[in-house]
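[1] Provide a 3D model corresponding to the input given below.
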Amino acid sequence: MHFITRYRNLLILHFTVLIWGFTGVLGDLITVSALHLVWYRVLIAALTLLVYFKLSKQRVIVPWRKMTKFLAVGMIVGLHWVCFFHAIKISTVSVTLVTLSSLTLFTAILEPLFNRKSIAIGDVIVGLVIILGIYLIFKFEFRYWQGIVFGLSAALCASLFSILNSRMVKKDSPTIITFYEMIGAFIGVSIIMLFSGQFTAEMNLSFSDWGYLFVLGSICTAFAYVLGVAVMKELSAFTVALTTNLEPVYGILLAIAILGHKETMSVGFYSGAIIILGAVFLYPMLKSAIANRRYGKLAKEEL
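    The predicted structure is shown next:
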């Protein structure tokens, strides 16, 4: 029975990661700018979560100090999505998803700084391998250099809010945090749009855009997050990390299947992508092996 439950949760997690991978394709299909796209996305996501709280009768009020933190991190989330979708608009889904995978590199550097710890040698090695992959992509797909820069910027923002979220989630509900982060992202993007004069007729959506945005905001954001959190409680952190790293793979395969020829890249790009994704995929396995080896040594010393 336990095996069946675990297998079911693993399938749900893969389905959730597949939904996340589809986000990039939707970003390409939606015709409005990245700023307008994110503005609509976070608004729909926040309203969807509000409906979820009403149906589940959950209390959403939090102390002012906590709310301020959640909203501030939400602004970083909003900036991440603006960079992510803008990278897709000016390059391709494949280029953006692969460069976004460099968040492992940024996290390996930033997390020890936040926690006041020394950077692990294993993290440095993985980081250097990722840099090599990014170099290859830059070299062979230089025409998309702006998309690569924005993809890396999105990865940096993702690393920052992931580190901050990992601290906050220990004390508060992940769903509550997400709800306020969506509001924070909405406020942040609205401020940028206000000062840059982006509240224009260009925000008008076509019928297909409304459909894609509804899927993006409700299913790919709110629903996928709630679903992901539910199964993550039942699976090990190692399994979750390994499966989540498949997001760019699923995303690139979906992009090739749906968008076709536009997503065809050079051999150099795929070489760099394999290096980056290989490093990211093997990273949790390497850390787990090192941790198990240390644990084994400590157990032997105690005996």
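
[2] surely residue 252 is in contact with residue 94?
    Yes. Residue 252 is in contact with residue 94 according to C-beta atoms under 8 Å; the separation is 4.9 Å. All C-beta atoms are positioned from the backbone trio N, CA, C, and that covers glycine.

[3] joint contacts of these two?
    263, 273 (C-beta atoms under 8 Å, 6 or more residues apart in numbering).

[4] isn't residue 92 right next to residue 143, touching?
    No. At 10.4 Å, residue 92 does not count as touching residue 143 under the criterion of C-beta under 8 Å.

[5] who has more neighbours, the two?
    Legend: neighbour count by other C-beta atoms under 10 Å for residue 92 and residue 143, higher for residue 92 (24 against 9).

[6] any idea how many residues pack against the spatially closest residue to the more buried one that is not a sequence neighbour?
    Leaving out its chain neighbours, the residue that sits closest to residue 92 by C-beta to C-beta, 6 or more residues apart in numbering is residue 263, at 5.6 Å. For residue 263, the count of nearby residues is 19 (other C-beta under 10 Å).

[7] distance of residue 263 relative to residue 95?
    From residue 263 over to residue 95 the distance is 9 Å, taken as C-beta to C-beta, to the nearest Å.

[8] ok, now residue 69?
    33 Å.

[9] which one of these two has more residues nearby?
    Ranked by neighbour count (other C-beta under 10 Å), residue 69 and residue 95 place residue 95 first, with 26 against 20.

[10] quick one, what contacts that one?
    Per C-beta under 8 Å, 6+ apart, neighbours of residue 95: 87, 137, 141, 144, 147, 148, 151, 265, 269.

[11] cutoff 10 Å now
    Applying C-beta atoms under 10 Å, 6 or more residues apart in numbering to residue 95 gives the contacts 87-88, 137, 141, 143-145, 147-148, 150-151, 252, 263, 265, 269, 273.

[12] next one: residue 60
    49, 50, 53, 54, 173, 175, 176, 179, 180.

[13] element containing it?
    According to DSSP states H and E, residue 60 maps onto no helix or strand at all.

[14] repeat that for residue 138.
    Using DSSP H and E, residue 138 falls in helix 121-140.

[15] any low-confidence regions in this structure?
    1-3, 229-230, 232-233, 235-242, 287-303 (pLDDT under 70).

[16] that one: helices as residue ranges?
    2-29, 34-56, 64-90, 93-100, 103-115, 121-140, 145-168, 174-195, 207-214, 224-232, 237-244, 247-259, 267-302 (DSSP state H).

[17] give me the packing partners of the helix holding residue 138, helices and strands only.
    Packing contacts for helix 121-140, counted by 3 or more C-beta pairs under 10 Å, 6 or more residues apart in numbering; DSSP states H and E, involve helix 93-100, helix 103-115, helix 145-168, helix 267-302.

[18] so which of those helices is nearest residue 258?
    helix 93-100 (9.1 Å; C-beta to C-beta).

[19] so how far is that closest one off the chain centroid?
    Between the centre of helix 93-100 and the centre of its chain there are 11 Å (C-alpha atoms, centre = their mean, to the nearest Å).

[20] same check on stretch 182-197?
    20 Å.

[21] please name the residues that touch residue 251.
    By C-beta under 10 Å, 6+ apart, the neighbours of residue 251 are 17-18, 20-25, 93-94, 96-98, 100.

[22] residue 161: which of these is nearest?
    Distances from residue 161 to these, taken by C-beta to C-beta, are shortest for residue 100, at 13.3 Å.

[23] measure how buried the closest one is and give me the count.
    24.

[24] wait, it sits on residue 87?
    Yes. In this structure, residue 100 is within contact of residue 87 by C-beta atoms under 10 Å, at 8.1 Å.

[25] name the residues contacting each of these two.
    What both residue 100 and residue 87 touch, as defined by C-beta under 10 Å, 6+ apart, is the set 24, 150, 151, 152, 153, 154, 155.

[26] between those, which is nearest residue 42?
    Nearest to residue 42 among the shared contacts of residue 100 and residue 87 is residue 154, at 15.1 Å by C-beta to C-beta.

[27] burial of the closest one, as a residue count?
    Neighbours of residue 154 under the rule other C-beta under 10 Å: 25.

[28] repeat that for the one 5 residues further on.
    By other C-beta under 10 Å, 22 other residues sit near residue 159.

[29] against residue 251, how distant is it?
    18 Å.

[30] what does residue 200 give?
    For residue 200, the distance to residue 251 - C-beta to C-beta - is 30 Å.

[31] do I have it right that residue 47 meets residue 41?
    No. In this structure, residue 47 is not within contact of residue 41 by C-beta under 10 Å, at 11.1 Å.

[32] I am finished for the moment; much appreciated.
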